[in-house]
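Q: missing the sequence, but the structure's below:
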Ligand code: ADP
Ligand code: ZN
């Protein structure tokens, strides 16, 4: 099954996709993770992406489309995959349709006021990409999976979060209608705990 996760920043796309990877055995493809890796390694793509990512804007369509196209051609995508953070514009969705067949788009829905709280308390593992909220960590600063020191993403500062929300509303939210018109949209209310939301996501995929 080829799955897209839609939803505002902080809705839990990455978290849910990671849980589902273990369950379904298909890879999670996160353009955000790939861009941050490229930035750390200082590749051409990384250098190109840096100023957009750090300000909370969108990286140019051609750049992300090229990364995704290349990634989907790899062997582990043959039996299905989950796209997390792509597409983010209608143009990206139209281009994606030229080289991939998407079966279902899961829209993780969350009110704006919850988003800022979640993102400003988010900590991520730079090594394995696991994400946590400070409220789950009980004062610990290391990753439960791999022991690496957790970091706060630069774009999880309050001002950048507001900009990402604006960008989401203007450029990404129209994709909800785009996939609804294609008859493959499933909406999941993500205000609950990670476990509750995961149960709802699985149910949405079975439907
Ligand atoms: P979140 O879902 O929490 O906003 P991501 O890790 O998905 O975070 O993305 C972080 C940043 O990477 C975005 O704000 C944007 O700058 C860039 N990015 C990721 N995916 C895309 C995409 N499909 N198109 C353009 N920019 C992207
Ligand atoms: Zn880790």
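A: Received the coordinates, thanks. Keep in mind the model is a prediction, meaning the values are calculated, not measured. Ligands and ions are numbered 1, 2, ... in the order given.
Q: touching ligand 1 at all, the lowest-mean-pLDDT helix or strand in the chain?
A: Lowest by mean pLDDT, DSSP states H and E among the helices and strands of the chain is helix 112-120, with a mean of 88. No: residues of helix 112-120 contacting ligand 1 under CB under 6 Å from any ligand atom: none, with a closest distance of 6.8 Å. Placement of C-beta: from N, CA and C, glycine included.
Q: what distance separates that helix from the middle of the whole chain?
A: Centroid separation for helix 112-120 versus its chain: 15 Å, with CA atoms, centre = their mean, to the nearest Å.
Q: Pretty sure residue 132 sits against residue 122.
A: Yes: using CB atoms under 8 Å, residue 132 is in contact with residue 122, at 7.3 Å.
Q: higher neighbour count, these two?
A: residue 122 (20 against 17; other CB atoms under 10 Å).
Q: Tell me the bridge partners for that one.
A: residue 133 (DSSP bridges).
Q: what do you get for residue 187?
A: Under DSSP bridges, the beta-bridge partners of residue 187 are residue 107.
Q: burial measure for it, as a count.
A: Residue 187 has 16 nearby residues by other CB under 10 Å.
Q: got a list of what it touches?
A: 106-107, 109, 204 (CB atoms under 8 Å, 6 or more residues apart in numbering).
Q: Residue 63 now?
A: Applying CB under 8 Å, 6+ apart, we find residue 63 in contact with 45, 48-49.
Q: Going by distance to residue 19, which of those wins?
A: Nearest to residue 19 among the contacts of residue 63 is residue 49, at 26.7 Å by CB to CB.
Q: quick one on the thing from earlier: for the contacts of residue 187, which single residue is the most surrounded?
A: Within the contacts of residue 187, most neighbours by other CB under 10 Å means residue 106, with 25 neighbours.
Q: Ligand 1 versus that one, what's the distance?
A: Going from residue 106 to ligand 1 by CB to the nearest ligand atom, to the nearest Å gives 14 Å.
Q: Assess the claim that that residue and residue 2 are in contact.
A: No: if you go by CB under 8 Å, residue 106 and residue 2 don't touch, sitting 11.7 Å apart.
Q: Give me the buried subset of the contacts of residue 63.
A: Burial by neighbour count, 16 or more other CB atoms under 10 Å: within the contacts of residue 63 this picks out 45, 48-49.
Q: Go through the contacts of residue 187 and name the one nearest residue 156.
A: Using CB to CB, the contacts of residue 187 come closest to residue 156 at residue 109, 20.5 Å.
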